[in-house]
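Undergrad: prediction below, plus the sequence it came from.
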Protein chains: 2
Amino acid sequence: MAADFSAGVPSPALILEAATAYRRAAALRSAIELDLFTALADSPLDAAALAARSGAAARGVRMLCDALATLGFLQKEAARYSLTSEAAIFLNRNSPACMADAFLFLSSPHIENAFRELTSAVRRGGTSFEAANVTAPEHDFWLHFARAMAPMMSYPAESIAQLLGADNGEKWNVLDIAAGHGMFGIALARHNPNASITALDWPGVLALARANAQAAGVAGRFRELPGSAFDVEFGTGYSIILLTNFLHHFDPSTCETLLRKVHHALAPGGRTATLEFVPDDDRTSPPFASLFSLNMLVHTPGGDAYTRPELERMFHNAGFISSEFHPLPPGPQTLVISQK
Amino acid sequence: MAADFSAGVPSPALILEAATAYRRAAALRSAIELDLFTALADSPLDAAALAARSGAAARGVRMLCDALATLGFLQKEAARYSLTSEAAIFLNRNSPACMADAFLFLSSPHIENAFRELTSAVRRGGTSFEAANVTAPEHDFWLHFARAMAPMMSYPAESIAQLLGADNGEKWNVLDIAAGHGMFGIALARHNPNASITALDWPGVLALARANAQAAGVAGRFRELPGSAFDVEFGTGYSIILLTNFLHHFDPSTCETLLRKVHHALAPGGRTATLEFVPDDDRTSPPFASLFSLNMLVHTPGGDAYTRPELERMFHNAGFISSEFHPLPPGPQTLVISQK
């Protein structure tokens, strides 16, 4: 949505759009709560027909659907609404890549409330209240996260399996650090019948990862290692160590300490696969990765979205000989494959 | 900010941006609370210098300013931040067009909480709880609104004075319906020394309008008419009747009833000046005007953002002979001048 009320002169458009950003979130949340996207999956409907299906008022549905069309989530033609390709893939409950629950989690009070304290986090230079600090042991944030985010991770998990060459079927001993829902390790095990996975995380979250491994038919090659990545003994001889969405929670020195431990646990020639939001060196683009550092400001004492040079330095200092960076479209993240 | 993680394939970018829209609002709110824009008004500063001025941590200021640069509110060059032209005009507290308080109001719980109930408003087809219904008599929303929004209305108020030809100095008897902060009538009085203003609104709000009229030096030509626009006797013989940001709160039939009363109160050849959000006929563009109908869904029983044909029909049905539409850049609104 272009914020431009009039080309060429300074305009309050961007400010008004930021001030009313909740409209965009609220419109999508209501459409998910009323499950309008699934109702529109088969054929276009007008507001009256859609209202009848969703038990809502035709007037309310018309106003909501016009807003969804304005925001790019629906198409409108001759008063009938249909799904955009994005909505068909990511918002229809019958789509395997449906991220409706991820949306509800990302826009939930778990995160929004932390952002209400952004000013005090800026004053302190880190998270300003204990409940927001997601690096605390067994923080219940992670159980909600793991439940909501698993389907959304199917795209990057497939990309990681492909980039690591999982289909070659080499014998792999995989450590999945902060496994969460477990979907990254599970994808490797699905693609490589000779891969066995050790999933490390807090016990409550691991129960969910185990259930996901069972559902994927790889439970026989799925081992649990409960505890903190900083305290638990990893063991050694791993071919692959997954570090997905983990480093950004910690300051560079803590990251390096962990990466030395990871380096030690890898077999010779072993690789780490690190999934991160990687902003450009100026930290102001691309937008989603750059803005992620605000999440770390409100949610952690010292975390950040690290640039490519910063990540290269951490891996280099921890003993890795090289790091390759692979953006993972259509998502906003980057995979870093580092070689022991 | 373009939501595009990868051109050409369906992307979750728009959905993720909507899910995390609070980041955008929170970043701007914190910068206003820490008054960073005023601190940067004179010269570019790096994070450490800006942190020293604002009593915040350099790390937090760096992360916040990178986000503000990402969002287009700051420029970043060689680790120093400076104001964009928009920030210099609309976010610097020393600028007369500063809309910092308007931002804080528009992003405040007064409105955001109503949007939390959007789903039930869609189900009902109108506002879902009494506290959100801003059409209730003397709703305290309007006092907050009038306090916060006055400076932001200086641009459109000047445009209205110009489009009506206030500088010609004809003898004008002006009725300002739902005057609020009073800035629209006051602008006419400032430009036209032969204009006298009758400001109609709830008594609590009128006290603020009176103070604004005094500050503008036009109190001697400023009369108050307390009460509801639907109940109070307007009198007759007005040259100009201002209807700014009012019609959208009501259903078309209620609007027509009011417009007949307005028509009756105008002198022959008199004009109404109606300020509205006017979406295109498809109601899906331009974005800001189209999305405004969601505000009316959550905040009123029957209000809406009306299209040009809808407004033309209302004015025609009420007896007006013509209506001219003037978009008012750089803002998102349109002025409708209708002739008796």
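TA: Nice, I can see it. Numbers count the residues shown, from 1 in each chain, chains lettered A, B, ... in the order given.

Undergrad: and the residue of the stretch 201-340 of chain A nearest chain B?
TA: Going by CB to the nearest CB, chain B is nearest to A:P329 of the stretch 201-340 of chain A, at 3.0 Å. Where C-beta positions appear, they are placed from N, C-alpha and C, glycine not excepted.

Undergrad: can you count the residues close to that residue?
TA: Neighbourhood size, A:P329 [other CB atoms under 10 Å in any protein chain shown]: 17.

Undergrad: what of A:L206?
TA: 22.

Undergrad: again with A:S239
TA: 18.

Undergrad: for it, what are phi and psi?
TA: Main-chain torsions, A:S239, degrees, to the nearest 10: phi -80, psi -40.

Undergrad: ok, it - contacts?
TA: With contact taken as CB atoms under 8 Å, 6 or more residues apart in numbering or on different chains, A:S239 is in contact with A:E170, A:K171, A:W172, A:N173, A:V174, A:L266, A:A267, A:G270, A:R271.

Undergrad: so what does the spatially closest residue to it that is not a sequence neighbour look like in phi/psi?
TA: Leaving out its chain neighbours, the residue that sits closest to A:S239 by CB to CB, 6 or more residues apart in numbering or on different chains is A:W172, at 4.5 Å. Taking degrees, to the nearest 10, you get phi -120, psi 140 for the backbone angles of A:W172.

Undergrad: close enough to count as contact, A:W172 and A:H191?
TA: No: using CB atoms under 8 Å, A:W172 makes no contact with A:H191, being 10.0 Å away.

Undergrad: need the overlap of contacts for those two.
TA: A:A166.

Undergrad: now for the closest residue to A:G237 other than its chain neighbours: which residues touch it?
TA: Spatially, and ignoring its direct neighbours in sequence, A:G237 is nearest to A:A267 (4.8 Å; CB to CB, 6+ apart). Residues in contact with A:A267, defined by CB under 8 Å, 6+ apart, are A:N173, A:T236, A:G237, A:Y238, A:S239, A:K340.

Undergrad: check for me that A:A267 belongs to a helix.
TA: No: using DSSP: H, G, I helix; E, B strand; the rest coil, the assignment for A:A267 is strand, not a helix.

Undergrad: now which of the contacts of A:S239 would you call buried?
TA: A:W172, A:N173, A:V174, A:L266, A:G270, A:R271 (16 or more other CB atoms under 10 Å in any protein chain shown).

Undergrad: any idea how far A:L200 is from the third one?
TA: Looking back up the chat, that one is A:V174. 11 Å (CB to CB, to the nearest Å).

Undergrad: the residue of the stretch 201-340 of chain A closest to chain B contacts B:A13, doesn't it?
TA: No: using CB under 8 Å, A:P329 is not in contact with B:A13; the gap is 9.7 Å.

Undergrad: near A:I197, how many other residues are there?
TA: 28.

Undergrad: where does it sit: helix, strand or coil?
TA: A:I197 ends up strand, using three-state DSSP.

Undergrad: so for it, what's the nearest residue that isn't a sequence neighbour?
TA: Closest to A:I197 by CB to CB, 6+ apart is A:G185, at 4.0 Å.

Undergrad: chain neighbours aside, what residue packs nearest to A:V122?
TA: A:V122 sits nearest to B:G60 (CB to CB, 6+ apart), 3.6 Å away.

Undergrad: who are the contact partners of that neighbour?
TA: B:G60 neighbours (CB under 8 Å, 6+ apart): A:A121, A:V122, A:R123, A:R124, A:G125, A:G126, A:L297, B:A51.

Undergrad: next, the nearest residue to A:A100 once chain neighbours are set aside: phi, psi?
TA: Leaving out its chain neighbours, the residue that sits closest to A:A100 by CB to CB, 6+ apart is A:I32, at 4.7 Å. Dihedral pair for A:I32: phi -70, psi -40, per degrees, to the nearest 10.

Undergrad: what about A:I32, how many neighbours?
TA: 22.

Undergrad: quick check: it touching A:L104?
TA: Yes: counting by CB under 8 Å, A:I32 touches A:L104, with 6.3 Å between them.

Undergrad: can you list the buried ones among the contacts of A:S239 in a markdown table and add pLDDT and distance to B:L206?
TA: Formatted as a markdown table, those follow (pLDDT from 0 to 100; distance: CB to CB, whole Å):
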| residue | pLDDT | distance to B:L206 |
| --- | --- | --- |
| A:W172 | 98 | 75 |
| A:N173 | 98 | 77 |
| A:V174 | 98 | 71 |
| A:L266 | 98 | 74 |
| A:G270 | 98 | 75 |
| A:R271 | 98 | 72 |
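
Undergrad: tell me where the stretch 201-340 of chain A has strands.
TA: Ranges of strands within the stretch 201-340 of chain A are A:222-226, A:238-244, A:266-276, A:322-327, A:334-339, based on DSSP state E, counting those that start in this stretch.

Undergrad: closest residue of the stretch 101-250 of chain A to chain B?
TA: For the stretch 101-250 of chain A, CB to the nearest CB, closest residue to chain B: A:G125, 2.8 Å.

Undergrad: ok, now which ones touch the residue nearest to that residue when sequence neighbours are not counted?
TA: In space, and not counting its chain neighbours, A:G125 is closest to B:A57: 2.8 Å by CB to CB, 6+ apart. Residues near B:A57 by CB under 8 Å, 6+ apart: A:V122, A:R123, A:R124, A:G125, A:G126, B:A51.

Undergrad: repeat the analysis, applying 10 Å as the threshold.
TA: A:A121, A:V122, A:R123, A:R124, A:G125, A:G126, A:L297, B:A47, B:A48, B:A51, B:M63 (CB atoms under 10 Å, 6 or more residues apart in numbering or on different chains).

Undergrad: my read is the second one is in a helix, agree?
TA: Think A:V122. Yes: applying three-state DSSP, one finds A:V122 inside a helix.

Undergrad: one step back: against A:G126, how distant is the residue nearest to A:G125?
TA: Counting by CB to CB - B:A57 and A:G126 are separated by 8 Å.

Undergrad: identify the contacts common to the two.
TA: A:L297, B:M63.

Undergrad: who's in contact with A:R221?
TA: A:172, A:174, A:185-186, A:188-189, A:192-198, A:213.
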